[in-house]
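# Mind folding the following:
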Amino acid sequence: MVLGFVFMMVVAVAAVHVYLWHRLVRSTTRRGRLRRVLTWVLAGLGVLVVVTFAGTRLGVGHWLAWPGYLWLAVMFYLLVFLVVLEVPRAVAWALMRRGGKRADAGARVPETVPAGASVPGSAPDAAPVAEAGSDTAPVVDTALVAEAGSDAVPAGGSAQATDMSRRLFLGRATAAVAGVGALGTVGYGVSSALGDPVIEPVRVTLPHLDSRLSGLRFAVVSDIHLGPLTGRGHTERIVRMINSLRPDVVAIVGDLVDGTVAELGPLARPLRDLESRYGAFFVTGNHEYYTSKGPAEWIEELDHLGVRSLRNERVEIRHQGGVLDLAGVNDINGATMDDGPDFAKALGGRDTSRSTVLLAHQPVQVTEAARHGVDLQLSGHTHGGQIAPFNLVVPLQQPVVSGLATVDGVQVYVTRGAGFWGPPVRVGAPPEITLLELRS
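Next up is the predicted model:
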């Protein structure tokens with residue numbers, strides 16, 4: 001699977017860069033030194049993307065992460081803008097060629113022939129070229145002169161030069177529009193990704209919720225993605241914002257880290273300052289299984305930080321005399337390490353008269369949750385698409401992109417996540433911390 005993913009990634013990156021070369025280099029330059037230099041630069045950027053992916057996954061070359069991932073974002077939006085511009089570009093080229101042909105046809109300027117001269121190719125008994133005493137002869141179409149073998153008119157050289165100029169102008173204009181659009185979009189996306197998460201207040205009504213539990217508040221956060229592009233300040237800000245909400249329960253719904261405890265332990269330590277009435281809880285995401293040592297070391301580290309991991313298990317939340325079952329299941333990817341989700345273990349044998357809230361990293365896990373009578377599932381994973389228009393692709397894999405929805409009779413809330421993965425860019429999906437309040 002890993003080799004297959006790497007192969008597909010290399011092929012995709014190569015294909016995109018070939019297209020970018022065609023539109024940004026070949027269509028904007030003439031043959032020569034500049035074209036060769038730009039070709040090598042673009043090839044180097046393609047290699048940078050592949051090396052960045054491989055390096056961050058292997059835990060090496062973290063210094064490449066910033067330039068590599070930023071170019072990945074710029075590359076993607078250059079592709080999007082250029083593809084969108086293909087149709088108007090083709091229309092503009094057709095109009096320019098039509099206008100050029102008309103201009104070329106109208107540029108045949110009448111020429112004069114000296115008095116007494118004969119027109120090449122004319123009949124022997126043709127009328128005199130000029131009347132007696134005339135200084136000039138009647139006008140003669142230069143096309144006829146050219147057809148007669150005259151070299152007075154260039155054989156299309158100027159037309160070809162004009163055609164090339166039109167191509168260069170259109171190519172450069174298209175590249176400029178795409179470049180400005182891509183850089184502007186990525187700039188906006190960086191400021192969104194690195195800025196404060198949005199606090200999303202959500203009220204969820206559970207039909208069977210004990211009225212004494214009405215008003216119970218969850219601070220839900222997911223996809224923090226501590227890694228080479230985040231610092232300790234990223235965690236401190238999230239903790240500070242969660243504490244300001246004064247929640248009853250904190251739910252961290254997977255994808256906390258992109259590395260080992262040895263690499264990222266200091267970045268996670270602010271989590272010990274989380275404040276809530278009934279505690280902070282965590283379930284694994286797919287990225288916890290991408291680390292070289294698996295999630296076990298992070299489970300232990302979080303325990304030291306006061307965050308309890310729910311590993312296919314549940315706890316009781318007692319609030320104002322009422323009881324709520326809070327359950328958590330491992331991520332689907334855990335199955336690759338014999339650590340997958342076990343809904344029967346987490347939800348079996350419970351009092352079905354109680355409402356149950358399930359923490360499960362991926363929204364698609366709701367299908368199994370529905371079979372066990374769960375009232376509400378809290379998930380992340382999707383990042384809300386993170387970079388538009390990827391939000392249009394997410395539904396191919398997940399039933400919900402972001403927000404509250406009902407799937408198979410179970411309400412699911414999917415948070416966009418407080419961090420980012422890959423490029424430090426968010427477009428159309430700002431980072432989020434959710435304040436979710438239960439209502440009976």
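# Shouldn't Gly422 be within a strand?
No. Under DSSP: H, G, I helix; E, B strand; the rest coil, Gly422 sits outside any strand and is assigned coil.
# distance of the residue most central in space within the chain from Leu85?
In the chain, the centroid-proximal residue (CA atoms, centre = their mean) is Ile387; its distance is 3.3 Å. According to CB to CB, to the nearest Å, Ile387 stands 19 Å off from Leu85. All C-beta spots, glycine's among them, are computed from the backbone N, C-alpha and C.
# swap in Ala327?
50 Å.
# Please say which of the two ends up with more neighbours.
Remark: of Ala327 and Leu85, Ala327 carries more neighbours, 25 against 18, as counted by other CB atoms under 10 Å.
# Check the more buried one and give its pLDDT.
According to the prediction, Ala327 has pLDDT 97.
# What of Arg203?
97.
# right, and it touches Glu437 too?
Yes. Arg203 is in contact with Glu437 according to CB atoms under 8 Å; the separation is 5.0 Å.
# These two: who's more crowded?
Glu437 (16 against 12).
# In a helix, the more buried one, correct?
No. Under three-state DSSP, Glu437 sits outside any helix and is assigned strand.
# beta partners for it?
Taking DSSP bridges as the rule, Glu437 bridges to Arg203, Arg217.
# list the contacts for it?
Going by CB atoms under 8 Å, 6 or more residues apart in numbering, Glu437 touches 201-204, 215-218.
# please redo it, this time with the cut-off set to 7 Å
203, 215, 217 (CB atoms under 7 Å, 6 or more residues apart in numbering).
# got it, and Thr291?
In this structure, Thr291 makes contact with 259-260, judged by CB under 7 Å, 6+ apart.
# name the element it belongs to?
Using DSSP states H and E, Thr291 is not contained in any helix or strand.
# buried set for stretch 15-30?
Using 16 or more other CB atoms under 10 Å as the burial criterion, the residues of stretch 15-30 that qualify are 16-17, 20-21, 23-25, 27-29.
# Show me which of these is closest to Ser192.
Comparing those against Ser192 with CB to CB places Val16 closest, at 23.5 Å.
# And the nearest residue to Arg167 once chain neighbours are set aside, how far from Ala15?
Nearest residue to Arg167, sequence neighbours excluded (CB to CB, 6 or more residues apart in numbering): Ser27, at 7.1 Å. Here the criterion is CB to CB. By it, Ser27 lies 17 Å from Ala15.
# so where's the stretch 101-250 of the chain uncertain?
Low-confidence segments of the stretch 101-250 of the chain, defined by pLDDT under 70: 101, 103-160, 163.
# one more time with 90, if that's ok
101-167, 227-229, 231 (pLDDT under 90).
# could you pull out the strands for the protein?
198-205, 217-221, 249-253, 280-283, 307-309, 313-319, 322-328, 356-359, 376-379, 403-407, 410-414, 432-439 (DSSP state E).
# Output those as JSON lines; include the columns distance to Arg97.
What follows is the strands of the chain, written out as JSON lines (distance: least, CB to CB, whole Å):
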{"stretch": "strand 198-205", "distance to Arg97": "49"}
{"stretch": "strand 217-221", "distance to Arg97": "56"}
{"stretch": "strand 249-253", "distance to Arg97": "56"}
{"stretch": "strand 280-283", "distance to Arg97": "61"}
{"stretch": "strand 307-309", "distance to Arg97": "66"}
{"stretch": "strand 313-319", "distance to Arg97": "70"}
{"stretch": "strand 322-328", "distance to Arg97": "64"}
{"stretch": "strand 356-359", "distance to Arg97": "61"}
{"stretch": "strand 376-379", "distance to Arg97": "54"}
{"stretch": "strand 403-407", "distance to Arg97": "49"}
{"stretch": "strand 410-414", "distance to Arg97": "50"}
{"stretch": "strand 432-439", "distance to Arg97": "50"}
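# returning to that earlier point: nearest to Thr382 among the contacts of Glu437?
For the contacts of Glu437, with Thr382 as the reference and CB to CB as the criterion, the closest is Arg203, at 21.4 Å.
# That closest one contacts Arg439, correct?
Yes. Between Arg203 and Arg439 there is a contact at 5.5 Å, judged by CB atoms under 7 Å.
# ranges for the helices of the stretch 151-300 of the chain?
With DSSP state H, counting those that start in this stretch, the ranges of helices along the stretch 151-300 of the chain come out as 157-194, 232-244, 261-268, 296-304.
# could you dump these to CSV with distance to Asp342 and mean neighbour count?
Shown next, in CSV, are these (distance: least, CB to CB, whole Å; neighbours: other CB atoms under 10 Å):
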stretch, distance to Asp342, mean neighbour count
helix 157-194, 34, 16
helix 232-244, 29, 17
helix 261-268, 25, 17
helix 296-304, 16, 16
